[in-house]
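A.B. asks: give me coordinates for this.
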Amino acid sequence: MTTAWKGGEESAGIVPVRPVPAPNLLRGRALARAWFWTVTAAEFMGFAVPACVGALTTDAHPAVVLPSLVAAGAVEGTMLGLGQAAVLGRALPGLRRRRWVAATACAAAIAYLIGLLPSTFAAVWSGWPPCSWSSRWSSAPPCWHPSARPNG
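C.D. replies: Next up, the predicted model:
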């Protein structure tokens with residue numbers, strides 16, 4: 001064991017200093033294998049939540065389905081983020097695991113929201129006038145031309 005002065009020569013005592021062991025970081029095939037199995041299991045468990053919520057809210061009103069599935073997507077993202085952080089934390093010691101999990105959960109919730117918009121608002125959007133390509137007003141679709149607007 002080596003010794004070092006704590007506080008310089010004016011200090012009254014000698015404090016033992018233990019060398020910091022090199023971290024056992026995941027690299028190469030070990031990293032790829034750990035990533036594949038851990039993240040696959042985390043995603044499988046995480047996706048079970050929105051799958052169950054989707055099955056339970058099949059006939060529900062969109063005001064119930066949308067927030068339920070977005071919340072379930074956040075749970076899926078949390079599970080996925082936990083799996084990713086477990087592996088990445090062993091490969092990148094400086095990784096802030098809580099931030100990683102929170103960012104993954106938020107990204108999943110946003111992805112679910114974007115993915116649900118077409119089906120949630122299909123009744124509204126299906127009432128819009130069709131937009132087809134025409135050379136009548138240049139290369140822009142007719143619905144972009146001022147005369148194609150209802151009040152224009």
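A.B. asks: quick one: the most centrally placed residue in the chain and residue 46, what's the gap?
C.D. replies: Computing the C-alpha centroid of the chain and ranking residues by CA atoms, centre = their mean puts residue 104 first, at 2.7 Å. According to CB to CB, to the nearest Å, residue 104 stands 10 Å off from residue 46. For glycine as for every other residue, the C-beta is placed from the backbone atoms N, C-alpha and C.
A.B. asks: what touches both of those two?
C.D. replies: Residues touching both residue 104 and residue 46 (CB atoms under 8 Å, 6 or more residues apart in numbering): 77-78, 80.
A.B. asks: surely residue 93 is in a strand?
C.D. replies: No - inclusion of residue 93 in a strand is not indicated when DSSP: H, G, I helix; E, B strand; the rest coil is applied; the result is coil.
A.B. asks: quick one: low-confidence ranges for this structure?
C.D. replies: 1-17, 19-23, 131-152 (pLDDT under 70).
A.B. asks: hmm, try it at 80
C.D. replies: The model of the chain has pLDDT under 80 over residues 1-23, 125-152.
A.B. asks: quick one: the helices in it?
C.D. replies: 28-56, 62-91, 97-120, 122-125 (DSSP state H).
A.B. asks: give me the angle between the first one and helix 62-91.
C.D. replies: For helix 28-56 against helix 62-91, the angle between stretch directions is 170 degrees (axes from the mean of the first three to the mean of the last three CA atoms, to 10 degrees).
A.B. asks: list the buried ones in helix 28-56?
C.D. replies: Buried residues in helix 28-56, counted by 16 or more other CB atoms under 10 Å: 34-35, 38-39, 42-43, 46-47, 49-50, 53.
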